[in-house]
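J.: This is a predicted model, with the sequence first.
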Amino acid sequence: MTQIYIVRHGETEGILANRMESRLDSPLTDVGLKQASALENRLKDIPFTKIYSSPSQRAARTASIIKGNRSIDITLDDHLYELDIAGWDGRTRDDVAQADPILFEQFTNHPELFHPAQGENFQDLQKRVITFVTSIQVKHVEETILIVSHSGVIKMILDFVESKPLSEYRKRRSIPNGSLSIVSIEEHGAVVELEADVQHLQDLIMA
């Protein structure tokens, strides 16, 4: 059995300021660093053979903290970037909703209809996520790997595993910063064992 542990990066300064973040980046906040440390503690005994991360600083930093003292490489993979939102990057949702109301409505509620003039649509994201997961199935048979990425990518991975259409993408629960999901792959198929779990963050949530 191949097990894939999937983590969303910790909270960032951009998220704290309610900005949309895609290819633009911002550092992890103190809370984000604590989220990554909590994940390190939770996963310290998991025998990862490989770590993949989005090239974004916020994901790579989270991956580095979780890695701890393990003597394995972190591979930065472009397939794990967040959806490219082009000119919306770094702006608040309210600002974008006022400037592009129809497109933002599609982005928010009907991803299958979202086709911006620049950046990526959700079909683009879906294709690269499927390409990545398919390659993982081939390269890492009977291994345990860690992926650190973004909410959009993680939702798409889980939807792919569960064979859900793009029209249901927004129906999946939110993927909190620092959350953990687990996918198991066997000969008969794949299954989501854990989704967006934050048990390790309870002390931070209660603080």
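T.: Nice, thanks for sending it over.
J.: where do the strands sit along the protein?
T.: Using DSSP state E, the strands assigned to the chain run over residues 2-8, 50-53, 74-76, 144-149, 180-186, 189-197.
J.: helices and strands around the longest helix seen in the chain, which ones?
T.: For the chain, the helix that runs over the most residues, judged by DSSP state H, is helix 122-139. Where contact means 3 or more CB pairs under 8 Å, 6 or more residues apart in numbering; DSSP states H and E, helix 122-139 is packed against strand 2-8, helix 151-161. C-betas here are computed from N, CA, C, even on glycine.
J.: Using a markdown table, lay out the strands of the chain together with mean pLDDT.
T.: Converted to a markdown table, those look like this (pLDDT from 0 to 100):
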| stretch | mean pLDDT |
| --- | --- |
| strand 2-8 | 97 |
| strand 50-53 | 98 |
| strand 74-76 | 98 |
| strand 144-149 | 98 |
| strand 180-186 | 96 |
| strand 189-197 | 96 |
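J.: list the contacts for residue 103?
T.: 114, 116 (CB atoms under 8 Å, 6 or more residues apart in numbering).
J.: Centroid-nearest residue for the protein?
T.: Nearest to the mean C-alpha position of the chain, counting by CA atoms, centre = their mean, stands residue 150 at 2.6 Å.
J.: contacting residues for residue 49?
T.: The contact partners of residue 49, taken as CB under 8 Å, 6+ apart, are 72, 140, 143-145.
J.: List the buried residues for stretch 54-62?
T.: Using 16 or more other CB atoms under 10 Å as the test for burial, stretch 54-62 gives 54, 56, 58-62.
J.: ok, so of these, who is nearest residue 129?
T.: Residue 129 lies nearest to residue 54 out of the buried residues of stretch 54-62, by CB to CB, at 11.6 Å.
J.: show me the contacts for that closest one.
T.: Applying CB under 8 Å, 6+ apart, we find residue 54 in contact with 9, 60, 76-77, 80-82, 148-150, 153.
J.: Compile these into CSV and extend it with columns for distance to residue 178.
T.: Below are these laid out as CSV (distance: CB to CB, whole Å):
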residue, distance to residue 178
9, 8
60, 15
76, 20
77, 20
80, 17
81, 19
82, 16
148, 10
149, 13
150, 12
153, 15
